[in-house]
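# my questions concern the predicted model and sequence given below.
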Amino acid sequence: MTPCGIGLGLRWPFLEDLLDHPNPGLSFVEISPENYMRRGGYFPAALAHIGERFSVLTHGLSMSLGGTDPLDDGYFAELRRFLRQVGARAHSEHLCWSGTPHVRLHELLPLPFTREAVAHVVARTRQAQARLDVPLALENITYYAHPAPPEMTEADFLNEILAQSGAGLMLDVNNVYVNSRNHGFDPLEFLGQLPLERVVQLHVAGHHSWEDEDLLVDTHGAPAPDPVIALLAWVIERTGPLPVVLERDQHIPPLDDLLDEVRTLQAAYDRALAVYGR
């Protein structure tokens, strides 16, 4: 079974500290396969040691499901082997595009909320799913401008893609909060429009506020703030147990500080589960 509770996105700056820690109190760790595939030496060996101590979930960075380039057969063959190697029971990826056939931008770029984009992503998600041995879930991303005039809301866009593709939802509640502040909608109303029965995992993280511009930026560079933790609790109160990943990619503090944040999240998670069980 997929582990539930609070886990941590594994990052290289604290990998050794995590291996040396006697009791980190983590339900699992999440890794991005692209950081380990096609690498030799230290990293595969360290990951093997991680796998001996923790359950491992996987989260992709470069599938570019919204792109126009053909899906890369070599990438999918390597990814399928890697998922088998780490014993992944599912895999998640961002609902975005990441470049053109000749340029990889290493960014999570937003898609237009249009029917044409829905059909395009659904077809590519089905193709991707057919190449993997495990179920695929899609993550809602942050966006700071619409790339084309929208024909539907973000919630309707997500609902259509999930319903037609059969994919699960990797729900990032920090992304929901950032988008709600930047685009002026109620995050709880947004969450209430989503098919929560399709949520297979959650992400939480912190963000940066550009106060002069009244803009939130999804940096993964700060602790998850109280409003984001409240959204996490709201979801768990309605879904019950799920794996929740704390992400940190910038200004990474010492491991013990991250584990303190994990404990804070675990307390909120446990309180939400108690409400779900009533």
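It's in.
# drop to CA atoms for contacts and neighbour counts, all remaining ones
OK.
# for residue 136, the count of nearby residues, please.
24 (other Cα atoms under 10 Å).
# swap in residue 210?
Neighbour tally, residue 210, other Cα under 10 Å: 10.
# look up the closest residue to it, ignoring the ones flanking it.
Spatial nearest neighbour of residue 210, excluding adjacent residues (Cα to Cα, 6 or more residues apart in numbering): residue 216 at 6.1 Å.
# ok, now residue 135?
residue 90 (4.9 Å).
# tally of neighbours for the residue lying closest to residue 56 once chain neighbours are set aside?
Spatial nearest neighbour of residue 56, excluding adjacent residues (Cα to Cα, 6+ apart): residue 29 at 5.3 Å. Residues within reach of residue 29, counting by other Cα under 10 Å, total 24.
# make 439 the first number, not 1, from now on.
OK, 439 is where the count begins now, so the last one is residue 467.
# roughly how far apart are residue 467 and residue 512?
26 Å (Cα to Cα, to the nearest Å).
# same check, this time on residue 619
Distance from residue 619 to residue 512, by Cα to Cα: 40 Å.
# which of the two has more residues huddled nearby?
residue 619 (15 against 9).
# quick revisit: show the pLDDT at the residue nearest to residue 494.
For residue 467, the model assigns a pLDDT of 97.
# phi, psi for it please.
Residue 467 adopts backbone torsions of phi -120, psi 150, taken as degrees, to the nearest 10.
# just checking, it touches residue 442?
No: look at residue 467 against residue 442 with Cα atoms under 8 Å: they stay out of range, at 11.0 Å.
# any weak-confidence spans in the stretch 489-638 of the chain?
538-544 (pLDDT under 70).
# can you map out the strands along it?
Using DSSP state E, counting those that start in this stretch, the strands found in the stretch 489-638 of the chain span residues 494-497, 529-532, 535-537, 542-547, 574-577, 606-610, 637-642.
# using CSV, lay out these together with distance to residue 707.
Formatted as CSV, the strands of the stretch 489-638 of the chain follow (distance: least, Cα to Cα, whole Å):
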stretch, distance to residue 707
strand 494-497, 19
strand 529-532, 21
strand 535-537, 32
strand 542-547, 28
strand 574-577, 20
strand 606-610, 15
strand 637-642, 11
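# nearest to residue 481, out of the ones you listed?
Closest approach to residue 481 among those (Cα to Cα): strand 494-497, 14.9 Å.
# what count of nearby residues applies to residue 575?
The burial count for residue 575: 25, using other Cα under 10 Å.
# run through the bridge partners of it.
residue 530, residue 606 (DSSP bridges).
# wait, it touches residue 530, no?
Yes: the pair residue 575 and residue 530 passes the contact test of Cα under 8 Å, sitting 4.5 Å apart.
# need the residues touching each of these two.
Residues touching both residue 575 and residue 530 (Cα atoms under 8 Å, 6 or more residues apart in numbering): residue 608.
# contacts for whatever helix or strand residue 708 lives in next, please.
Element membership of residue 708, judged by DSSP states H and E, is helix 693-714. Residues outside helix 693-714 that contact it (Cα under 8 Å, 6+ apart) are 443-446, 452, 455-456, 462-464, 661, 667, 670-672, 674-679, 684.
# tell me which residues of it come out buried.
693, 696-697, 699-701, 703-704, 706-708, 710-711, 714 (16 or more other Cα atoms under 10 Å).
# same thing with stretch 685-693?
By neighbour count on 16+ other Cα under 10 Å, the buried set for stretch 685-693 is 685, 686, 687, 690, 693.
# what do you get for stretch 594-613?
By neighbour count on 16+ other Cα under 10 Å, the buried set for stretch 594-613 is 594-600, 603-613.
# what's around the residue lying closest to residue 643 once chain neighbours are set aside, how many residues?
For residue 643, ignoring the flanking residues on the chain, the nearest one in space by Cα to Cα, 6+ apart is residue 662 at 4.7 Å. Residues lying near residue 662 (other Cα under 10 Å) number 20.
# quick check: residue 662 touching residue 656?
No: counting by Cα under 8 Å, residue 662 stays clear of residue 656, with 11.0 Å between them.
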